[in-house]
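Peer 1: Predicted model, plus sequence, below.
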Amino acid sequence: MSEENKRGAGRQEETAAAEQQSPPAAEQTEPAAAEQREPANTQEVSGTEPAGAGAEHPNQPQPDTMPENPDASASGKPAEPAAPADAPSAPAGEAAGAGAVDPERAAKIKAAQEARAKRLAAKAAAGGEAAPGDAEPAEPKPPSPKQPWLDEAVELLKSEVHPEAVEEAVINELAGDMPTITVKAEHWRAAAELLKSHGKLGCNYLRNVTGVDYETHMEVVYFVINLETKREYAIKIRTDREQPSVPSAVPVWPSADWPEREIYDLLGVDFPGHPDLRRIMMPDDWVGHPLRKDYVPLDPEV
């Protein structure tokens, strides 16, 4: 056998051995082709319909045939019954977890309770009442240093003038603990003489006279003082509002002349016994009394 024939026979033997060791070409290319195969329909990849596609696409389940619970159908478990539409929904707190507490809300509630407790304590302290946590009650307020002046004057007026001459007697704290005595109008002249001439009182100076319209009644207030002892009083005389009248104090304190005329002019209070009772500020023909609360001017522009 020639050399060329030997080489050809060797190549044939190598080819036969290689064919026995490797699988057929169809078997090698089939898996690769399966992996590289593209889906015939783009909906299998994207899950969306092509533009203009109808609802009845053969590759997608239709609404009438779709399962109510996709998870249950996919897992093979029986689907749970759907809750009725009118069933009450669970509270937000239960949805977040049973027994869960919102720390922010709890902090707000605690702060509101503490603020309320502070307000109640401050209110109790301002009103003179003991706060809930206080052990000792508030001390009683000491009596006014002018209380003896008031008691002595009231006792003298009742014993020297008339037992019913005094209607009311108080210490006016807003006016510097001013002893204030309300005297009945019919006993005012005798009370004025006692206040000025009595040795224990000696109120020989009339500081001021003023009138007040309370809408239900009128009041005239005389402020008297003892210049030596500095003992002072405010004497009130109440009178009817329709026909107000108070005995004049000019015979006792001549300085009451002009103040009583001013009260007569502006409030319309009559002072029997006044030596010259006439208007002092408004013209004699003026209608009404400008400081009365029911006063209506004839000309609003004046």
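Peer 2: Sure, I can see it. Since this is a predicted model, take the numbers as computed values, not measurements. Numbering: from 1, shown residues only.

Peer 1: separation between residue 287 and residue 296?
Peer 2: Taking CB to CB, to the nearest Å as the measure, residue 287 falls 10 Å from residue 296. No exception for glycine: its C-beta is placed from N, CA and C like everyone else's.

Peer 1: ok, then the element right after whatever helix or strand residue 117 lives in?
Peer 2: Residue 117 is part of helix 103-126, with elements assigned from DSSP states H and E. Heading C-terminal from helix 103-126, the first helix or strand you meet, by DSSP H and E, is helix 147-156.

Peer 1: what comes up buried for the helix holding residue 117?
Peer 2: residue 124 (16 or more other CB atoms under 10 Å).

Peer 1: cool, and stretch 236-256?
Peer 2: 236-239, 241, 244, 246-250, 252-253, 256.

Peer 1: all strands for this structure, in order.
Peer 2: 166-172, 178-183, 205-213, 218-225, 232-239 (DSSP state E).

Peer 1: Export those strands to CSV and append columns for mean pLDDT.
Peer 2: CSV is the format used below for the strands of the chain (pLDDT from 0 to 100):
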stretch, mean pLDDT
strand 166-172, 96
strand 178-183, 98
strand 205-213, 97
strand 218-225, 98
strand 232-239, 97
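
Peer 1: Could you export those as JSON lines, including distance to residue 142?
Peer 2: JSON lines is the format used below for these (distance: least, CB to CB, whole Å):
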{"stretch": "strand 166-172", "distance to residue 142": "12"}
{"stretch": "strand 178-183", "distance to residue 142": "16"}
{"stretch": "strand 205-213", "distance to residue 142": "27"}
{"stretch": "strand 218-225", "distance to residue 142": "24"}
{"stretch": "strand 232-239", "distance to residue 142": "20"}
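
Peer 1: Which of these sits closest to residue 292?
Peer 2: strand 205-213 (5.5 Å; CB to CB).

Peer 1: so what secondary structure elements neighbour that closest one?
Peer 2: With contacts taken as 3 or more CB pairs under 8 Å, 6 or more residues apart in numbering; DSSP states H and E, strand 205-213 sits against strand 218-225, helix 257-267.

Peer 1: That strand pairs with which strands?
Peer 2: If you go by DSSP bridges, strand 205-213 pairs up with strand 218-225 (antiparallel).
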